[in-house]
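>>> curious how this folds, go ahead:
(chains A and B)
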Protein chains: 2
Amino acid sequence: MTLVNTVCRLAARPVGMPKIEDWQIGDEPTGTPDDGEFLVQVEYLSVDPAMRTWMNAGRSYVPPVEIGEVMRAGGIGRVIDSRHRDFAVGDEVFGTFGVQRYALSDGRDVSAVDTTLAPAPVHLGALGISGLTAYFGLLDVGRPRPGQTVVISGAAGSVGSIAGQIARINGCRVIGIAGGADKCRWLVDELGFDAAIDYREGDLRRQLKTHAPNGIDVFFDNVGGAVLEAALSRLARGARVVICGAISQYNADGELRGPANYMQLLVARASMTGFVIFDYADRYAQGVAQLADWLRSGELRSREQVIHGDVGDFPEVLLSLFGGGNTGKLVLALEQH
Amino acid sequence: MTLVNTVCRLAARPVGMPKIEDWQIGDEPTGTPDDGEFLVQVEYLSVDPAMRTWMNAGRSYVPPVEIGEVMRAGGIGRVIDSRHRDFAVGDEVFGTFGVQRYALSDGRDVSAVDTTLAPAPVHLGALGISGLTAYFGLLDVGRPRPGQTVVISGAAGSVGSIAGQIARINGCRVIGIAGGADKCRWLVDELGFDAAIDYREGDLRRQLKTHAPNGIDVFFDNVGGAVLEAALSRLARGARVVICGAISQYNADGELRGPANYMQLLVARASMTGFVIFDYADRYAQGVAQLADWLRSGELRSREQVIHGDVGDFPEVLLSLFGGGNTGKLVLALEQH
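Numbers count the residues shown, from 1 in each chain, chains lettered A, B, ... in the order given. Got it, this is the predicted structure:
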C-alpha cells in the first residue's frame, strides 16, 4: 500500500490575519505504521478559532505549532492499517491528527467514536471538545444558579451555542451576543435563548442593560475586546466571568486590547477565570454522557456547518471563521478519493 | 460654643492628575448637634490613593463625591459635644468624617478607638481599613498556602506593606514590588520580605522570573498597568490575582490601560478577583484582634507617615501619594488650634 499524503504545514508565523501563504500544502509519501502504531485516513477536521493562537510563538496553553510542522487539528478518521493492539482496521477514531489526509498515531489521546450514537461531525461539536468546553466551562467555572442571568458571547459559535443551551437547561435566563439578525433569530427561535443581541446593531451596553436589567451573573466570553468591556460594565454583584476565548483579539496586529474597565471586577466583587478543557480529561466521559442524553431528549440542539473539500481548502475555511459567517460547529469534511 | 469649621469641598471633577483648584477650602460656621447627633473635632485624616477614584463620576464601589460636597475621608477625632446616647464628650472615634475640622455625625458607621492599644494613626493604618483590606484581601480572596509564592505590588504602601507581612506570617515566600531602593531595603530588612523588586530599575518581567522561578501563586495588586501585565505573564498554574487597587491608572487622562495579556488567566487556569473591604464589616473585629496580636508580638510592623498640617494642606498631601514618595500609611494630622 503506497499512499500519497496531502499535508498542510505551517510556513510562516502570521502577523495579524493569516494569509494563505502562511501555510504550505503539498504531497508527501505516507508513512507506514511501526509496531505500536496505526494509520488513520482523516475524514473530518475540526476548525476552531483557537487554531489561530496555535500559530503564534510564545507561552500558551499548548506549545506553538512550529514552522514546518503539520498544522495541528483535531479530527475524526478511520484506521486503515494497524500494528497497535487497541486499534483495528475499520475503527472510527478521534485524535489530534493534524491537517493532512493520512496520519500515523501511537494511540496517545486517541479515542473511539461511536457513529451509531451520532454522525461524526457531532462528535467534533456537541459531543466533542466544543461541547465539553461549553459544559465544564459554564457549569464548573461559571457555576450558574437557576434564575440567574447568563450572557454568552460568540453565542452562535460551536461552544457558545452549546453553553447557552446548557444554561437554559439549568434554569437560567440566557442572553446571547452574536453578529447578524439570522444568528440572533436562530438563538432565540431554535435554541431557546431568552434574548439575543446583535453586537453590530446599536449600543451593546444599552442592549445589555435592557436584557439584563439586574446585571449579569455569569458572562461566558469567547470574544474579548469591546464585547468583554461591555459585559464588565454590567456585572451583577459576585458575578463570574468565564474566559473561554477571545476571537476578536486573535488577529490583532498591534497591541492587544485588555479590558480597560477591569476594575469593574472590584466594583462588582466579581471574578474572571480562565480554564483549559484538557484539565477535565478524566471527566470527559461524564460530560459526553450528559450531553448525549440532552441531545437524545431534544433539550439540546447541535448544528454543524460541514464544508466538503480537500486539505488545500483548510486555510480558507479557517479564515472564514474570522469573518463571522459561520453558525455552529465548523467542520471540514475531506473528500475521499 | 461657636466654632469656625474649615472645610475642603470638591470644586471640580479632575481630568488626569488633580489640581489644587479641584478643591475649594473655606471657613464655615460649625453646626450644632441635634438630638441623636454629636460633634467631632477631627484630629487625623486617612489619606489614600482610592480617594482619587471617589472624585470621578460614574459607577464605582461607593457613590462619587458630588461637586460641592465635603471631600470624603476616613478620620479619627474626639467628641466635643453630644446629644447621642452612645457617644460622650471625650470619646475618641473613627468614622468617615470628611476633610474638615469639625464633623457632625449621627453615629452611623462610627466606632470607638482604643488609643491605649496603639496611637491613633495606627488605627487608620495597620489596625484600620488599610490593615483590614490587607488581611481579608490576602487571606480570603488570595487564599495563599504555606510555601507558595506571593507577590505584592505597591508593597511599600499602607495596604501592601501589611499584606506582604501577613503572607510571610502565613509561611509564604513574599516578593514586594516598589519604587526605589530605600523602599525595597525597608521591605526586606525591616519587614522580612524574601525579596523586593524596584520596578524603576531594569526589566520587571525578568526580575519576577528571577525571584519567582516557579511562578506567582498569589498576586496582590495595588498598581495595575504594566505591573499587572508583568505579573500575569508569570502566573503559576491555578494562581489567584487579587484586585485591590490600580494606582497607576487613577490619574490616566486618556483611555485606561487594561491588562493586554489577560488571556494568561486561561493559560495559567488562574482567576482575577475584585473585592471591597466594606463587605467584611461583620468580621472587622476578628481581623483587628488578629492584627493587634501580631503587632504586639512584633511579627507585624506598622509604619505611619504623619504629616502635620491643616485642612488646606489636604490636596497637596493627597497628590504626594501619586509621586511615589510615601512609605507606609499616610496620615494628615490636623494641628489643633
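>>> C-alpha from now on. contacts and neighbour counts both.
Noted.
>>> can you give me the strands for the stretch 1-150 of chain A?
For the stretch 1-150 of chain A, applying DSSP state E, counting those that start in this stretch gives strands covering A:4-10, A:23-29, A:38-46, A:75-82, A:92-95, A:102-105, A:111-112, A:149-153.
>>> contacts for the top helix by length along chain A?
For chain A, the helix that runs over the most residues, judged by DSSP state H, is helix A:284-297. Contact with helix A:284-297 is made by A:126-128, A:131-132, A:135-136, A:300-302, as judged by CA atoms under 8 Å, 6 or more residues apart in numbering or on different chains.
>>> ok, residues contacting the helix or strand where residue A:197 lies?
Assigned by DSSP states H and E, residue A:197 belongs to strand A:195-198. Strand A:195-198 has contacts (CA under 8 Å, 6+ apart) with A:174-181, A:184-185, A:187-188, A:204, A:207-208, A:211.
>>> same question for it, mean pLDDT?
For strand A:195-198, mean pLDDT rounds to 98.
>>> picking up where we left off before, CA atoms of the longest helix of chain A as PDB?
The C-alpha trace of helix A:284-297 is given here as PDB (Å, rounded to 0.1, in the frame of the first residue of the first chain):
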ATOM      1  CA  TYR A 284     -15.000  13.800  29.600                       C
ATOM      2  CA  ALA A 285     -17.000  10.600  29.800                       C
ATOM      3  CA  GLN A 286     -19.400  12.100  32.300                       C
ATOM      4  CA  GLY A 287     -19.700  15.200  30.200                       C
ATOM      5  CA  VAL A 288     -20.300  13.300  26.900                       C
ATOM      6  CA  ALA A 289     -22.900  11.100  28.600                       C
ATOM      7  CA  GLN A 290     -24.900  14.100  29.800                       C
ATOM      8  CA  LEU A 291     -24.600  16.000  26.500                       C
ATOM      9  CA  ALA A 292     -25.700  12.800  24.600                       C
ATOM     10  CA  ASP A 293     -28.700  12.500  27.000                       C
ATOM     11  CA  TRP A 294     -29.800  16.100  26.300                       C
ATOM     12  CA  LEU A 295     -29.300  15.600  22.500                       C
ATOM     13  CA  ARG A 296     -31.400  12.400  22.600                       C
ATOM     14  CA  SER A 297     -34.200  14.100  24.600                       C
END
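>>> ok, then the element right after that helix?
strand A:304-309.
>>> now the angle between strand A:38-46 and that next one, please.
Interaxial angle of strand A:304-309 relative to strand A:38-46 (axes from the mean of the first three to the mean of the last three CA atoms, to 10 degrees): 120 degrees.
>>> close to chain B: what parts of chain A are there?
Within chain A, the positions lying close to chain B (CA under 8 Å from any CA of the partner chain) are A:59-61, A:243-246, A:255-276.
>>> just the buried ones from those residues?
A:61, A:243-246, A:256-276 (16 or more other CA atoms under 10 Å in any protein chain shown).
>>> quick check: domain ranges of chain A?
A:4-125+A:303-334, A:129-278 (the TED database).
>>> deepest of those, which one?
Among the domains of chain A, the stretch with the highest mean neighbour count (mean count of other CA atoms under 10 Å in any protein chain shown) is domain A:129-278, at a mean of 22.
>>> residue contacts, the closest residue to chain B within the stretch 1-150 of chain A?
Nearest residue of the stretch 1-150 of chain A to chain B: residue A:61, at 4.6 Å (CA to the nearest CA). Neighbouring residues of residue A:61 by CA under 8 Å, 6+ apart: A:276, B:266-268.
>>> check these and tell me the two furthest apart.
A:276 and B:268 (8.7 Å; CA to CA).
>>> check whether residue A:163 really touches residue A:136, as I assumed.
No - with contact defined as CA atoms under 8 Å, residue A:163 does not reach residue A:136; the gap is 9.2 Å.
>>> how much space between the closest residue to residue A:36 other than its chain neighbours and residue A:41?
The spatial neighbour of residue A:36 that comes closest, neighbours along the chain excluded (CA to CA, 6 or more residues apart in numbering or on different chains), is residue A:84 at 4.3 Å. Residue A:84 is 15 Å from residue A:41, where distance means CA to CA, to the nearest Å.
>>> try residue A:110
Note on residue A:110: its distance to residue A:41, by CA to CA, is 14 Å.
>>> helices - which of the contacts of strand A:195-198 land there?
Using DSSP H, the contacts of strand A:195-198 in helices are A:181, A:184-185, A:204, A:207-208, A:211.
>>> now those residues as CSV including pLDDT?
Formatted as CSV, the ones in helices among the contacts of strand A:195-198 follow (pLDDT from 0 to 100):
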residue, pLDDT
A:181, 96
A:184, 98
A:185, 98
A:204, 97
A:207, 97
A:208, 98
A:211, 97
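>>> nearest to residue B:47 among these?
Lowest distance from residue B:47 to the ones in helices among the contacts of strand A:195-198 (CA to CA) belongs to residue A:208, with 36.9 Å.
>>> ok, the closest one touching residue A:234?
Yes - applying CA under 8 Å, one finds residue A:208 in contact with residue A:234, separated by 7.2 Å.
>>> the residue lying closest to residue A:110 once chain neighbours are set aside bridge partners, please.
Excluding the flanking residues, the one nearest residue A:110 by CA to CA, 6+ apart is residue A:95, at 4.6 Å. Per DSSP bridges, the residues bridged to residue A:95 are residue A:75.
>>> for residue A:95, which residues are in contact?
A:74-76, A:109-111.
>>> for it, give its distance to residue A:119.
According to CA to CA, residue A:95 stands 16 Å off from residue A:119.
>>> who touches stretch A:184-192?
With CA under 8 Å, 6+ apart as the criterion, stretch A:184-192 contacts A:155-156, A:161, A:165, A:168, A:176-178, A:193-198, A:300-301.
>>> just those residues now: which is nearest chain B?
Nearest to chain B, judged by CA to the nearest CA, of the contacts of stretch A:184-192 is residue A:155 at 19.3 Å.
>>> for the closest one, report the pLDDT, please.
pLDDT, residue A:155: 98.
>>> can you pull the contacts of it?
Taking CA under 8 Å, 6+ apart as the test, what residue A:155 contacts is A:161, A:163-164, A:176-178, A:187.
>>> now with 6 Å, please.
By CA atoms under 6 Å, 6 or more residues apart in numbering or on different chains, residue A:155 lies in contact with A:161, A:176-178.
>>> got those as TSV, with pLDDT columns?
Below are the contacts of residue A:155 laid out as TSV (pLDDT from 0 to 100):
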residue	pLDDT
A:161	98
A:176	98
A:177	98
A:178	98
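>>> nearest to residue A:3 among the residues you listed?
residue A:161 (38.8 Å).
>>> now the closest one. Nearest residue, chain neighbours left out?
In space, and not counting its chain neighbours, residue A:161 is closest to residue A:155: 5.0 Å by CA to CA, 6+ apart.
>>> from the chain's centre, how far out does the longest helix of chain A sit?
Centroid displacement of helix A:284-297 relative to its chain, using CA atoms, centre = their mean, to the nearest Å, is 17 Å.
>>> picking that back up, return the per-residue confidence for the residue nearest to residue A:36.
98.
>>> hmm, it is touching residue A:33, no?
No - Residue A:84 is beyond contact range of residue A:33, at 8.6 Å (criterion: CA atoms under 6 Å).
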